[in-house]
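Trainee: following is a predicted model, sequence given first.
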4 protein chains.
Amino acid sequence: MTIPVDSGFQALIGYSIVEWSEGLAVAELAIGPQHLNRSGVLHGGVLTTLIDTVCGYAGCYCPVPGRVRRAVTLSLTTNFTGQVGEGVLKAIGRKQTGGRRIFYCSGEIFDGNGALVAVGQGTFRYRSGSESETGVPR
Amino acid sequence: MTIPVDSGFQALIGYSIVEWSEGLAVAELAIGPQHLNRSGVLHGGVLTTLIDTVCGYAGCYCPVPGRVRRAVTLSLTTNFTGQVGEGVLKAIGRKQTGGRRIFYCSGEIFDGNGALVAVGQGTFRYRSGSESETGVPR
Amino acid sequence: MTIPVDSGFQALIGYSIVEWSEGLAVAELAIGPQHLNRSGVLHGGVLTTLIDTVCGYAGCYCPVPGRVRRAVTLSLTTNFTGQVGEGVLKAIGRKQTGGRRIFYCSGEIFDGNGALVAVGQGTFRYRSGSESETGVPR
Amino acid sequence: MTIPVDSGFQALIGYSIVEWSEGLAVAELAIGPQHLNRSGVLHGGVLTTLIDTVCGYAGCYCPVPGRVRRAVTLSLTTNFTGQVGEGVLKAIGRKQTGGRRIFYCSGEIFDGNGALVAVGQGTFRYRSGSESETGVPR
């Protein structure tokens, strides 16, 4: 399962959404030189981007064909638990809980060897019209 | 003042470091379609990338020619206080305090109209050899 | 100026609100042995409590006599920038920005010598009825 | 299993450590009026205190009798996912990963009905002498 690329920033960074269901989203990214910082390891911004993405997606799954749910991130925290410079990253986001407007997610990123390289948690708000699972027209 | 681009990720995202001195760093980014999310506004990952960058730089200024200081981010929190889809962003990072190994910074990002679009704070650790302001060879 | 103690937890911890106006709140706390952790320094929970309190108050100032504004904290991050075991703490909370329902604040805590011991930022939501500055009956 | 109260702040707040092993700590707290805020629900500071406590303990288990490990919190983020005003809270902290000096933990708090009321994550640094599991004399 690979969800079509749906934003300019996704195309720029190059990650794929490989799994998406109610309360869960998984992304993958093959690390290249364009993702590294001046010390030659993954830039923190790549990790925060992936955490933000899979957390937001996890809360926005919409089972109705042709419709989507949208949210904005209110707050995001990432802890950088490991360093990596190559291989394929796997980012997993899970919705923890939430109400009609606000929801909370956590995310984890593993490197190609299964080592935890980042963990995060975020607070999100559904955009108007996206409060229910039927969402809005794409 | 514009600091030369010094990493693959900086080139990919396209921001410039326009000011850098002891405890302070300022970056600018002209927003393009490659920075937008699927709702057509700036992806949160662009903002977290800028916060991480200016905060890290703010703690790593090295006044000695030919030498640099390096750090890793331990934790980063960003609050997304506004939405923006075009114009030039200005990100300001300031070192708040710190010891020999650990330092703390805050960051703010303003859109082209001066509206606050993100605030953040981070915890950083100097890499070995970068604890003093004389740093290491580039 | 000292605002009357208005909650069980404030009485338990022992802080005072010494300044409160639109977008600003200041609290003070005289450190005692009941605030220390098992290492003999201030427990992190005292600092997070003060950050949460002054940030929440900063967004809830109500100029109308007999009325109040109420909010809930959605997310709070605190960086612990120093250690302290005695003296009087001063915590300052400032509202940074916000809309009708969500607002964002930052907080700083200084020890008796003026050293920065904690910095924080939070995301808050007004309770129903408290969205405008006229608030609700106490 | 109940670990003896070992700090002034623990005695003040009234929580108990009911489980403690390598990488795990569990605390319980019976909510009383002294834990409530001016809106009559649990003060956020109680939740951040419990998250900080169980996360710190989770990284500091010492299997050697008469010895302890100590750490300081560098950064702590708490998301407030529910509201509660009575009953017994259960806080669970888990060490996620870490190196010789820095470690990372996550925490969750459930109310008496099993509802998630707070989630958090923190970055910690071992105090000198506490880097290994043999710790220091109490």
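Mentor: Nice, thanks for sending it over. Numbering: from 1, shown residues only, chains lettered A, B, ... in the order given.
Trainee: tell me the mean pLDDT over stretch A:29-43?
Mentor: Across stretch A:29-43, the average pLDDT comes to 96.
Trainee: no wait, stretch A:17-24
Mentor: What stretch A:17-24 shows for mean pLDDT is 97.
Trainee: starting at the chain centroid, how far to that stretch?
Mentor: 10 Å (Cα atoms, centre = their mean, to the nearest Å).
Trainee: CA-only coordinates of it in CSV, if you can.
Mentor: Taking Å, rounded to 0.1, in the frame of the first residue of the first chain, the C-alpha atoms of stretch A:17-24 are listed here in CSV:
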residue,chain,number,x,y,z
ILE,A,17,2.9,6.9,3.3
VAL,A,18,2.9,3.1,3.3
GLU,A,19,0.1,2.4,5.7
TRP,A,20,-2.9,4.4,6.8
SER,A,21,-5.9,3.3,8.8
GLU,A,22,-8.0,4.5,11.6
GLY,A,23,-5.6,5.9,14.2
LEU,A,24,-2.5,4.7,12.5
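Trainee: that stretch near chain D at all?
Mentor: No: Stretch A:17-24 lies out of reach of chain D by Cβ under 8 Å from any Cβ of the partner chain, never closer than 13.2 Å. Bear in mind the C-beta positions are built from the backbone N, C-alpha and C, glycine included.
Trainee: so who does the closest residue to A:Arg138 other than its chain neighbours touch?
Mentor: Leaving out its chain neighbours, the residue that sits closest to A:Arg138 by Cβ to Cβ, 6 or more residues apart in numbering or on different chains is A:Val68, at 5.1 Å. Residues in contact with A:Val68 (Cβ atoms under 8 Å, 6 or more residues apart in numbering or on different chains) are A:Cys60, A:Cys62, A:Ser130, A:Gly135, A:Val136, A:Pro137, A:Arg138, B:Arg38.
Trainee: tell me which two of those sit farthest apart.
Mentor: Across the contacts of A:Val68, the longest distance by Cβ to Cβ is 14.5 Å; it joins A:Cys60 and A:Pro137.
Trainee: so which residues on chain A come close to chain B?
Mentor: Neighbours of chain B within chain A, by Cβ under 8 Å from any Cβ: A:6-13, A:32-39, A:43-46, A:48-50, A:52-53, A:56, A:68, A:70, A:72-80, A:83, A:127.
Trainee: at 6 Å what do you get?
Mentor: Within chain A, the residues that sit near chain B (Cβ under 6 Å from any Cβ of the partner chain) are A:6-9, A:12, A:33-39, A:43-45, A:48-49, A:52, A:70, A:73, A:75-80.
Trainee: chain C next: which of those residues are close?
Mentor: Subset of these in contact with chain C: A:Ser75, A:Thr77, counting by Cβ under 6 Å from any Cβ.
Trainee: keep only those of the residues of chain A next to chain B that are in strands.
Mentor: When DSSP state E is applied, the residues of chain A next to chain B are split such that A:Thr73, A:Ser75, A:Leu76, A:Thr77, A:Thr78, A:Asn79, A:Phe80 fall in strands.
Trainee: could you give the number of residues near the fifth one?
Mentor: Right, A:Thr78. Residues near A:Thr78, counting by other Cβ atoms under 10 Å in any protein chain shown, number 31.
Trainee: which secondary structure elements does the longest helix anywhere in chain A contact?
Mentor: When chain A is parsed with DSSP state H, its longest helix is helix A:44-59. With contacts taken as 3 or more Cβ pairs under 6 Å, 6 or more residues apart in numbering or on different chains; DSSP states H and E, helix A:44-59 sits against strand A:24-30, strand A:71-80, strand A:88-98, strand A:102-110, strand A:116-126, helix B:44-58.
Trainee: any idea what A:Phe80 is bridged to?
Mentor: A:Ala118 (DSSP bridges).
Trainee: and A:Gly98, by the same measure?
Mentor: Taking DSSP bridges as the rule, A:Gly98 bridges to A:Phe103.
Trainee: disregarding flanking residues, what is the spatial nearest neighbour of A:Gly14?
Mentor: Excluding its sequence neighbours, the residue lying closest to A:Gly14 (Cβ to Cβ, 6+ apart) is A:Leu29, at 6.3 Å.
Trainee: what about that neighbour, how many residues nearby?
Mentor: The local packing of A:Leu29 (other Cβ under 10 Å) involves 22 other residues.
Trainee: so it sits against A:Ala91, correct?
Mentor: No: using Cβ atoms under 6 Å, A:Leu29 makes no contact with A:Ala91, being 7.4 Å away.
Trainee: so stretch A:119-135, near chain C or not?
Mentor: Yes: contact of stretch A:119-135 with chain C (Cβ under 6 Å from any Cβ) involves A:Thr123.
Trainee: for that stretch, which positions count as buried?
Mentor: A:Val119, A:Gly120, A:Gln121, A:Gly122, A:Thr123, A:Phe124, A:Arg125, A:Tyr126, A:Arg127, A:Ser130, A:Gly135 (16 or more other Cβ atoms under 10 Å in any protein chain shown).
Trainee: now stretch A:13-27
Mentor: By neighbour count with 16+ other Cβ under 10 Å, stretch A:13-27 contains the buried residues A:Ile13, A:Gly14, A:Tyr15, A:Ser16, A:Ile17, A:Glu19, A:Trp20, A:Leu24, A:Ala25, A:Val26, A:Ala27.
Trainee: so the fourth one makes contact with A:Val26?
Mentor: No: because the distance of 9.4 Å does not satisfy Cβ under 6 Å, A:Ser16 is recorded as not touching A:Val26.
Trainee: give me the neighbour count for A:Glu108.
Mentor: 20.
Trainee: tell me the bridge partners for it.
Mentor: A:Ile92, A:Val119.
Trainee: can you tell me how far it is from chain C?
Mentor: 18 Å (Cβ to the nearest Cβ, to the nearest Å).
Trainee: same question for A:Ala30.
Mentor: A:Ala30 is 31 Å from chain C, by Cβ to the nearest Cβ.
Trainee: so what's A:Val136 bridging to?
Mentor: Beta-bridge partners of A:Val136, as defined by DSSP bridges: A:Val68.
Trainee: meant to ask about A:Val26
Mentor: Going by DSSP bridges, A:Val26 forms beta bridges with A:Glu19, A:Ile92.
Trainee: you'd agree A:Gly23 is up against A:Lys95?
Mentor: Yes: in this structure, A:Gly23 is within contact of A:Lys95 by Cβ under 6 Å, at 4.1 Å.
Trainee: between those two, which contacts overlap?
Mentor: Overlap of the contact sets of A:Gly23 and A:Lys95 (by Cβ atoms under 6 Å, 6 or more residues apart in numbering or on different chains) consists of A:Ala58.
Trainee: what about A:Gly85, distance to A:His35?
Mentor: According to Cβ to Cβ, to the nearest Å, A:Gly85 and A:His35 sit 9 Å apart.
Trainee: quick revisit: tell me which of the helices and strands packed on helix A:44-59 is the most buried.
Mentor: Each of the helices and strands packed on helix A:44-59 was scored by mean neighbour count; the highest is helix B:44-58, a mean of 29, by mean count of other Cβ atoms under 10 Å in any protein chain shown.
Trainee: quick one: distance of that one to the chain centre.
Mentor: Distance of helix B:44-58 from the chain centroid (Cα atoms, centre = their mean) equals 4 Å.
Trainee: got the angle between it and helix A:44-59?
Mentor: Following axes from the mean of the first three to the mean of the last three Cα atoms, to 10 degrees, one obtains 150 degrees for the angle between helix B:44-58 and helix A:44-59.
Trainee: now the angle between strand B:102-110 and helix B:44-58, please.
Mentor: Orientation of helix B:44-58 against strand B:102-110 (the same axes, to 10 degrees) gives an angle of 130 degrees.
Trainee: can you list contacts of helix B:44-58?
Mentor: Helix B:44-58 is contacted by residues A:44-45, A:48-49, A:52, A:73, B:13, B:20, B:23-25, B:27, B:35, B:71, B:73, B:76, B:78, B:91, B:93-95, B:105, B:107, B:109, B:118, B:120, B:122 when judged by Cβ under 6 Å, 6+ apart.
Trainee: could you check the angle strand B:71-80 makes with that helix?
Mentor: Relative orientation of helix B:44-58 and strand B:71-80, computed by the same axes, to 10 degrees: 130 degrees.
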